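Asks: Here is a sequence with its predicted model. Questions after.
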Amino acid sequence: MKVFIYPTNSLILSDLVERFGHEPLAIMQEIGKKVRTQGLDSPPMNMTPEDPKFGLKYAAVEVPSGVRGRMSLFDPLLSKAEAAIIVIEPVISFGCMGCARTNELVNFLLRGKKIPLLKLDYPTNEEDAKMFVYKISEFLKSLKPAEDKK
Amino acid sequence: METITKMIVINSSKLLPSDVAIKLYESKAEVMVKETCFGVMVSGERDIVDSLLLEIRKLDPYGIFIKERGFAPGEPYRCRATRRGGAKPGFHNLENDDKLLPHIASALKALDRGEIPIQKKQTKKLNIDKFKEIIKESEVL
């Protein structure tokens, strides 16, 4: 099953989802697709003026282009998501995750999608980490296994 | 075929990035390998990289963490060598995640042992009526 992770650039979440036999939907895949296309129009991320226009699907034109540009990156992930794991208030958000308004919008859209959703607190010590991993494993076990990639 | 890059982050007391890099070279798979301070980056076709890393993870299942990376190793827009040094974007996120990896590793070990962690009691928010009482009690007449 395709599992959306939030923060979408998290090493821990991406690793755990893959470890338990599902496919993580991470922002790195989308960035990879953008930067691997031939001819970089707008380095480093190759976000062109066209991208904020794709973001209009989610946000009005008066919303900052940063939000709309980010939403254009998140769009393929959100549309593919069959389940989601959300970490509430991660310690810090960097890069594509560094916009609080986009993050709120993404969380709102995920809640509206009516897909299996797991909300967790960010672990800070070993006991919390044990609960964190246990909850994720139980949640992922309850989902259908990922189809073999062709 | 889609070419991808995956990062292997090593947080192990028995495995070094160089050990993983040697194992990757030994496999003779058609991938590009770059050893880094945190682990190894592997670039190649998705099928090859995925199957290769499945084997690599077995070297230390609790000490190896893997995630995909958008940029290829040595990408001029991201590589420190062409950006006058400094941390690459994404390093701070990795540094933040890296602090938690020993806890996650011990949590994975506990999970494999079949340990069920005890749910901590969550502190409830203060009832509004109770709060009003406290305010009344502390009022100076």
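Replies: Ah, there it is.

Asks: now the helices: where do they sit in chain B?
Replies: For chain B, the helices defined by DSSP state H occupy B:17-26, B:46-57, B:91-112, B:128-138.

Asks: So which bits of chain A are right by chain B?
Replies: Counting by CB under 8 Å from any CB of the partner chain, the residues of chain A close to chain B are A:9-12, A:14-16, A:18-19, A:26-32, A:34-36, A:40, A:43-44, A:91-92, A:94-95, A:97, A:123, A:125-134, A:137, A:149. Where you see a C-beta, it was placed from the backbone N, CA and C, and this is true even at glycine.

Asks: Which members of those residues occur in helices, if any?
Replies: A:11-12, A:14-16, A:18-19, A:27-32, A:34-36, A:126-134, A:137.

Asks: Just the buried residues of the residues you listed.
Replies: Those of those that meet the buried threshold are A:11-12, A:14-16, A:18-19, A:27-32, A:34-36, A:126, A:128-134, A:137, by 16 or more other CB atoms under 10 Å in any protein chain shown.

Asks: for the helix or strand bottoming out on mean pLDDT in chain A, which positions count as buried?
Replies: Least confident helix or strand of chain A, by mean pLDDT, DSSP states H and E, is helix A:51-54 with a mean of 83. By 16+ other CB under 10 Å, the buried positions in helix A:51-54 come out as A:51-52.

Asks: Convert whichever helix or strand comes after that helix to CSV, retaining C-alpha atoms only.
Replies: Downstream of helix A:51-54, the next assigned helix or strand under DSSP states H and E is helix A:65-80. The C-alpha coordinates for helix A:65-80 follow below in CSV (Å, rounded to 0.1, in the frame of the first residue of the first chain):
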residue,chain,number,x,y,z
SER,A,65,3.3,31.2,-4.6
GLY,A,66,5.5,29.3,-2.1
VAL,A,67,2.5,27.5,-0.8
ARG,A,68,1.1,26.8,-4.3
GLY,A,69,4.5,25.7,-5.6
ARG,A,70,4.9,23.3,-2.7
MET,A,71,1.4,22.0,-3.2
SER,A,72,2.3,21.2,-6.9
LEU,A,73,5.0,19.0,-5.5
PHE,A,74,2.7,17.4,-2.9
ASP,A,75,-0.1,16.8,-5.4
PRO,A,76,1.1,13.5,-6.9
LEU,A,77,1.8,12.2,-3.4
LEU,A,78,-1.6,13.2,-2.0
SER,A,79,-3.5,11.8,-5.0
LYS,A,80,-1.6,8.4,-4.7
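
Asks: what helices or strands is helix A:65-80 leaning on?
Replies: On a contact count with 3 or more CB pairs under 8 Å, 6 or more residues apart in numbering or on different chains; DSSP states H and E, helix A:65-80 meets strand A:2-6, helix A:27-36, helix A:51-54, helix A:100-112.

Asks: could you point out which element follows it?
Replies: Counting by DSSP H and E, what follows helix A:65-80 is strand A:83-88.

Asks: how far off helix A:11-19 does that following strand point, in degrees?
Replies: Per axes from the mean of the first three to the mean of the last three CA atoms, to 10 degrees, the angle that strand A:83-88 makes with helix A:11-19 is 160 degrees.
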